[in-house]
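Undergrad: got a structure for you, letters missing:
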DNA sequence: ATGTCGGAATTATTCCGA
């Protein structure tokens, strides 16, 4: 079973691009972030034609998450939104699919350390950690994927020296990632590739992609039983490039193949 | 060039967020 995560940066603007990727990679379950559309505006018909159903938690203009599920797999919606954090927008959705408790999140960016959004980001993380402690079971096959807006370690940043202590690179943010690992999650890419520097996001500005100025901030986290099933994990860098004339998201998809 | 995108508000231009 192939599971994946992808911040698409606007689903309506990305629809043709997403179609190409689904046809090429044929994932079974995909967490999508930054839909930038309302729940009832989700293009279910388009995805049905491609052989996917979707569980959606959207909102107008910003944020928005969904789980795509390939035909033949059942999906049961378990949760829309992170309890207590509704004012931060539509950033979490959970479904039971293919024997997995599958959650995808779009963690608040935080902007800068002196911005009011930064403590809100940390509080959102604390609520997420508490939510998993209370509502999930690390003994079950569980996936938590999405855009975490943190570089967990120096290797995950193109220039740690320049960014150390700044947004995405603080001890406080990294402690939240560690808390998720302490809960029982494994960072599937890092576990499979302990020493590989690979990025999942590059700024649209300044030719960052071609300058290799990226960050690894998109993860597939899996509980131990999921990690044991991993056969391959890839950050799909090819799909950060233009495809058939269509503009890419600023994030690459990340996928993992699990033994059935 | 703080250099690019997507979306919204407003009507091709400007802002906001990332």
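TA: Yep, it's here. This one's a predicted model, so the numbers in the text were calculated from it and none came from an experiment. Numbering: from 1, shown residues only, chains lettered A, B, ... in the order given.
Undergrad: okay, CA-based contacts and neighbour counts for the rest of this
TA: Noted.
Undergrad: per-residue confidence at the nearest residue to residue A:22 once chain neighbours are set aside?
TA: Closest residue to residue A:22 apart from its sequence neighbours, by C-alpha to C-alpha, 6 or more residues apart in numbering: residue A:50 at 7.9 Å. As predicted, residue A:50 sits at a pLDDT of 97.
Undergrad: next one: the one 4 residues further on
TA: For residue A:54, the pLDDT comes out at 98.
Undergrad: since we're on it, how many residues are nearby?
TA: The local packing of residue A:54 (other C-alpha atoms under 10 Å) involves 22 other residues.
Undergrad: Kindly report the same for residue A:196.
TA: Number of residues near residue A:196 (other C-alpha under 10 Å) recorded here: 11.
Undergrad: Might you name the residue of the stretch 101-250 of chain A sitting closest to DNA strand B?
TA: The stretch 101-250 of chain A approaches DNA strand B most closely through residue A:205 (3.6 Å), counting by C-alpha to the nearest atom of the strand.
Undergrad: For chain A, list the residues in contact with DNA strand B, please.
TA: A:9-14, A:35-37, A:60-62, A:108-111, A:203-207, A:247-249 (C-alpha under 7 Å from any atom of the strand).
Undergrad: From those, list just the buried residues.
TA: In terms of neighbour count (16 or more other C-alpha atoms under 10 Å), the buried residues within the residues of chain A next to DNA strand B are A:9-14, A:35-37, A:62, A:108-110, A:248-249.
Undergrad: Inside helices: which ones of those residues?
TA: Within those, residues falling in helices by DSSP state H are A:11, A:12, A:13, A:14.
Undergrad: What strand or helix carries the residue lying closest to residue A:150 once chain neighbours are set aside?
TA: Spatial nearest neighbour of residue A:150, excluding adjacent residues (C-alpha to C-alpha, 6+ apart): residue A:168 at 4.2 Å. Element membership for residue A:168 (DSSP states H and E) is empty, with no helix or strand holding it.
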